[in-house]
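Chemist: Model the structure of this input:
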Amino acid sequence: MAEFLSLHDAVARYVEDGATVCMEGFTHLIPFAAGHEVIRQGKRDLTLIRMTPDLVYDQLIGAGCVSKLIFSWGGNPGVGSLHRLRDAVEKGWPQRVEILEHSHAAMACAFEAGAAGLPLAVLRGYVGSDLPKVNDQIRFIECPFTGERLAAVPSIRPDVSLVHAQKADRQGNVLVEGIVGVQKEAVLAARQSIVTVEEIVDDLGVEPNACVIPGWAISAIAVAERGAYPSYAHGYYDRDNRFYKEWDTIARDRDAFNAWLDDNVYNAGGQS
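Modeler: Below you'll find the model as predicted:
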């Protein structure tokens with residue numbers, strides 16, 4: 001059952017060095033506050049999983065928290081490359097990062113399989129793709145019923161998943177509104193989970209077919225106002241498009257990146 005903690009205490013308790021960590025959120029509700037707390041606490045040797053690693057993973061990689069990245073697309077949306085990721089992969093700064101690339105479809109299926117407690121996901125895909133040549137986790141199997149050749153990938157079962165949402169009720173249930181990615185599956189697939197929210201409310205006020213993450217699936221809930229900024233939280237604040245453009249310049253230069261990290265993460269304080 002979900003426990004209400006400060007973000008500092010939740011990360012300290014559930015994110016360990018060497019852990020496999022997932023931070024999900026699609027277009028909006030990207031858990032920047034949680035990622036910054038991981039950086040502040042100096043977590044190391046993390047394997048990060050995310051369908052679309054963008055700025056928050058660029059920051060974690062540049063801060064030296066990451067040794068491996070499992071992903072299906074990486075970039076600064078609408079702008080270009082992730083320069084801290086490229087620097088780590090191509091030049092080993094601040095340390096070399098191993099990468100394992102999948103398709104979006106395979107990652108989504110792997111999250112669903114993990115949420116269902118299954119060891120693998122099966123999908124039609126990867127036929128004619130070069131990804132199996134560089135990703136040894138992509139295998140092919142024969143359907144026992146039709147004989148069809150299908151792709152298989154291991155299910156995703158993170159040590160801990162971190163997601164952001166609009167609100168939680170006092171029983172620990174969390175409502176995700178707007179565009180929904182694989183946040184619910186990421187929480188259900190993980191051994192432990194941390195959910196940051198904009199606010200705690202008495203009643204979620206859910207509509208039929210709403211995406212509610214049940215309190216029994218969540219380890220800790222922490223209030224983090226504007227916890228998805230500079231991405232957006234539907235119904236609370238807009239995306240800071242200017243920052244995404246500025247990040248391209250900041251992240252290109254190691255010194256500029258370190259200065260930004262000092263000013264906006266290390267010396268910015270945490271969420272309570």
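Chemist: what's the span of stretch 41-51, first residue to last?
Modeler: 24 Å (Cα to Cα, to the nearest Å).
Chemist: how about the strands in the stretch 1-150 of the chain?
Modeler: Using DSSP state E, counting those that start in this stretch, the strands of the stretch 1-150 of the chain run over 3-4, 20-24, 46-50, 66-71, 98-101, 120-123, 139-142, 149-154.
Chemist: and these as CSV, adding mean pLDDT?
Modeler: Below are the strands of the stretch 1-150 of the chain laid out as CSV (pLDDT from 0 to 100):
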stretch, mean pLDDT
strand 3-4, 98
strand 20-24, 98
strand 46-50, 98
strand 66-71, 98
strand 98-101, 96
strand 120-123, 97
strand 139-142, 95
strand 149-154, 96
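Chemist: Please list all residues in contact with residue 102.
Modeler: Residue 102 makes contact with 70, 71, 72, 110, 131, 135, 137, 138, 153, according to Cβ atoms under 8 Å, 6 or more residues apart in numbering. The way it works is simple: take the backbone N, C-alpha and C, and place the C-beta from them, glycine included.
Chemist: In PyMOL, select just the buried ones from the residues you listed.
Modeler: To isolate the buried members of these in PyMOL, using 16 or more other Cβ atoms under 10 Å:
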select buried, resi 70+71+72+110+131+135+138+153
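Chemist: Quick check: which of the strands of the stretch 1-150 of the chain is nearest to residue 262?
Modeler: Checking those against residue 262 by Cβ to Cβ gives strand 66-71 as the closest, at 19.0 Å.
Chemist: May I have the closest one exported as PDB, CA atoms only?
Modeler: These are the backbone C-alpha positions of strand 66-71, laid out as PDB (Å, rounded to 0.1, in the frame of the first residue of the first chain):
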ATOM      1  CA  VAL A  66      24.000   5.900 -15.700                       C
ATOM      2  CA  SER A  67      25.900   2.800 -17.000                       C
ATOM      3  CA  LYS A  68      23.200   1.400 -19.400                       C
ATOM      4  CA  LEU A  69      20.200   2.700 -21.300                       C
ATOM      5  CA  ILE A  70      17.400   0.500 -22.600                       C
ATOM      6  CA  PHE A  71      15.200   2.500 -24.900                       C
END
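Chemist: which other residues reach that strand?
Modeler: With contacts defined as Cβ under 8 Å, 6+ apart, strand 66-71 is touched by 44-53, 57, 60-61, 85, 88, 95-102, 107, 156.
Chemist: Tell me the spacing between the closest residue to residue 201 other than its chain neighbours and residue 227.
Modeler: If you skip the residues right next to it in sequence, residue 201 has residue 167 as its closest partner in space, 5.0 Å away by Cβ to Cβ, 6 or more residues apart in numbering. Relative to residue 227, residue 167 is positioned 12 Å away (Cβ to Cβ, to the nearest Å).
Chemist: Return every residue with contacts to both of those two.
Modeler: With Cβ under 8 Å, 6+ apart as the test, residue 167 and residue 227 both reach 197, 198.
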